[in-house]
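1. For reference, the sequence and a predicted model appear below.
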Amino acid sequence: MSTGDDLLHEARDRLDAAMQSRGLWPEGSAWVRGAMAGFPRHRFAPDVVWEWDGWRWVAVDREREPGRWAALVYPEPQDSTVTQVTDGLSTSSLSCTQVVADMLDSLMLEPGQSVVELGTGSGWNAALLAYRVGPEGRVVSVETDAGLARAAAERLATAGARVEVRTGDGTAGIAGLEPADRLVATYAVETVPGAWIEQVRPGGRVVFPWGRLGHFALTVAEDGKSATGWLQGLATFMSDRHETGTATSPALAPEGEEAVDDQEMFEDLTGGHLLFALRVSHPGIVVSVEGSGAQARIRLREEPSGRSALVERADGGLVAVSGEGRELWAALRAGYRLWCKRGRPEQWDFGMTVSSAGQTVWIHDPVSGPYAGGAPGRTTLRSLPVTPSE
């Protein structure tokens with residue numbers, strides 16, 4: 001009969017093997033795998049984690065259900081481990097291994113450097129940062145939840161990771177620090193705070209999730225007043241607890257009367273490229289793809305109104321469940337026309353520039369003209385004219 005430790009090691013080995021077989025360990029940052037071996041996930045997981053049963057979050061206790069607990073702490077590479085539930089909502093987690101590895105790779109962190117982390121959570125990511133920078137480097141992490149901050153500090157000290165944990169709102173950065181070499185946020189924001197750019201020296205890197213769908217890596221300009229970089233990958237992130245503003249969709253200029261083939265639009269949406277483009281052009285409509293192939297279906301939700309719909313295949317076309325849904329789907333057609341007109345750019349063609357004037361999301365080149373306008377200080381999408389490939 002397997003013991004709790006045996007079950008834990010088996011689950012840990014399965015996750016490592018899955019990362020290896022799928023080519024998810026970053027080749028350019030081999031240290032990431034060593035860091036995760038040195039500071040394994042379970043050392044930063046609480047004794048109670050949470051599992052969604054289809055209706056609500058259910059507590060799973062390590063002592064009573066060691067195998068189930070181990071499987072939740074070491075899930076599939078793309079799955080996270082929920083470590084805190086507040087008022088029925090998940091509010092903290094051990095992020096999925098695949099995305100943590102990708103974001104650490106994007107950070108381009110070197111030994112001896114200084115790094116600021118916003119969102120300590122369980123402390124696991126901070127430990128990985130400390131592994132990389134070594135004894136000559138410095139990691140300062142800030143967490144808004146005082147209870148999480150205390151628990152993370154204790155885990156980090158027990159694990160031997162040199163991290164300064166502070167309690168506060170990471171939106172404003174960390175006061176009193178010299179500009180760091182790197183900054184990484186573990187929660188998503190709609191609007192990138194200017195303080196994050198000021199927190200990093202010229203030439204340094206800023207890595208953060210944006211809009212709960214993808215993460216960007218920006219390089220701070222030589223004058224220290226702006227930062228520019230590219231989308232690194234797609235994933236869903238918990239959002240900033242203090243950000244109360246709601247993303248709104250900019251009004252798109254009329255694109256003519258070109259008809260949209262709903263079947264083609266549906267097929268394109270099941271891939272990540274159009275999904276991210278619509279996230280930029282219509283941030284007020286959350287688009288989620290469920291399933292794949294013939295079983296794929298698309299859920300739409302408008303914020304803050306809460307209007308929602310389910311879009312799925314049907315004989316003779318698509319069906320949007322509810323009258324509200326038809327309006328949301330119709331609104332997304334403008335974004336689809338825009339994406340097609342620009343030559344169907346891939347998600348990797350998107351970049352962002354953050355400055356005192358606000359933030360700009362662009363494709364292909366940051367110096368190009370506006371693509372979809374927004375209010376001053378809010379996100380604007382920019383693009384160079386693109387000639388569709390033959």
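-> Done, it's in.
2. Which parts of the chain belong to which domain?
-> Taking automatic domain parsing as the reference, the chain has its domains at 4-234, 246-367.
3. Same list, those, but as CSV with mean pLDDT please.
-> Rendered in CSV, the data for those read as follows (pLDDT from 0 to 100):
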stretch, mean pLDDT
domain 4-234, 94
domain 246-367, 80
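4. Now do the helices in the stretch 201-350 of the chain.
-> Along the stretch 201-350 of the chain, counting by DSSP state H, counting those that start in this stretch, helices occupy 262-269, 272-281, 323-341.
5. so which of the domains of the chain is the most packed in?
-> Each of these was assessed for mean neighbour count using mean count of other C-beta atoms under 10 Å. The highest is domain 4-234, with a mean of 19. C-beta here means a position set from N, CA and C on the backbone, and glycine is covered the same way.
6. measure it end to end?
-> From the first residue to the last, domain 4-234 extends over 34 Å; the measure is C-alpha to C-alpha, to the nearest Å.
7. same check, this time on stretch 161-172
-> Using C-alpha to C-alpha, the distance between the terminal residues of stretch 161-172 is 25 Å.
8. starting at the chain centroid, how far to it?
-> A distance of 20 Å separates the C-alpha centroid of stretch 161-172 from that of its chain, computed with C-alpha atoms, centre = their mean, to the nearest Å.
9. show me the contacts for residue 70.
-> Remark: with contacts taken as C-beta atoms under 8 Å, 6 or more residues apart in numbering, residue 70 is in contact with 4, 7-8, 10-12, 42.
10. Render the CA-only coordinates of the strand ranked longest in the chain in CSV, please.
-> Using DSSP state E, we find that the single longest strand of the chain is strand 200-210. Presented in CSV, the C-alpha positions along strand 200-210 are these (Å, rounded to 0.1, in the frame of the first residue of the first chain):
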residue,chain,number,x,y,z
VAL,A,200,12.7,48.8,-13.0
ARG,A,201,16.0,50.1,-14.3
PRO,A,202,16.5,51.0,-18.0
GLY,A,203,17.0,47.9,-20.0
GLY,A,204,15.3,45.8,-17.3
ARG,A,205,12.4,43.4,-17.9
VAL,A,206,8.7,43.6,-16.7
VAL,A,207,6.6,40.4,-17.0
PHE,A,208,3.0,40.4,-16.1
PRO,A,209,-0.4,38.8,-17.0
TRP,A,210,-2.7,41.1,-18.8
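11. just checking, what packs against that strand?
-> With contacts defined as 3 or more C-beta pairs under 8 Å, 6 or more residues apart in numbering; DSSP states H and E, strand 200-210 has these neighbours: helix 97-107, strand 180-185, helix 194-198, strand 214-220, strand 226-234.
12. Using a markdown table, lay out those together with distance to residue 54.
-> Rendered in a markdown table, the data for the helices and strands packed on strand 200-210 read as follows (distance: least, C-beta to C-beta, whole Å):
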| stretch | distance to residue 54 |
| --- | --- |
| helix 97-107 | 24 |
| strand 180-185 | 31 |
| helix 194-198 | 37 |
| strand 214-220 | 27 |
| strand 226-234 | 25 |
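13. Which one of those lies nearest to residue 169?
-> In this view, the helices and strands packed on strand 200-210 are compared for proximity to residue 169 by C-beta to C-beta, and helix 194-198 is the closest at 10.2 Å.
14. Over to residue 260: give its phi and psi.
-> Torsion angles at residue 260 (phi, psi; degrees, to the nearest 10) stand at phi -110, psi 130.
15. what about it, distance to residue 343?
-> When distance is defined by C-beta to C-beta, to the nearest Å, residue 260 is 17 Å away from residue 343.
16. cool, residue 57 as well?
-> Using C-beta to C-beta, we find residue 57 at a distance of 43 Å from residue 343.
17. Next: residue 64.
-> Where residue 343 is concerned, residue 64 sits at a distance of 56 Å (C-beta to C-beta).
18. Ok, residue 287 next?
-> In terms of C-beta to C-beta, residue 287 sits 21 Å off from residue 343.
19. Report the secondary structure element holding residue 16.
-> Remark: residue 16 resides in helix 4-21, with elements defined by DSSP states H and E.
20. name the helices or strands packed onto the helix or strand following that helix?
-> Read in the C-terminal direction, the helix or strand following helix 4-21 is helix 31-38, with elements assigned using DSSP H and E. In terms of contacts (3+ C-beta pairs under 8 Å, 6+ apart), helix 31-38 is packed against helix 4-21, helix 97-107, helix 124-133.
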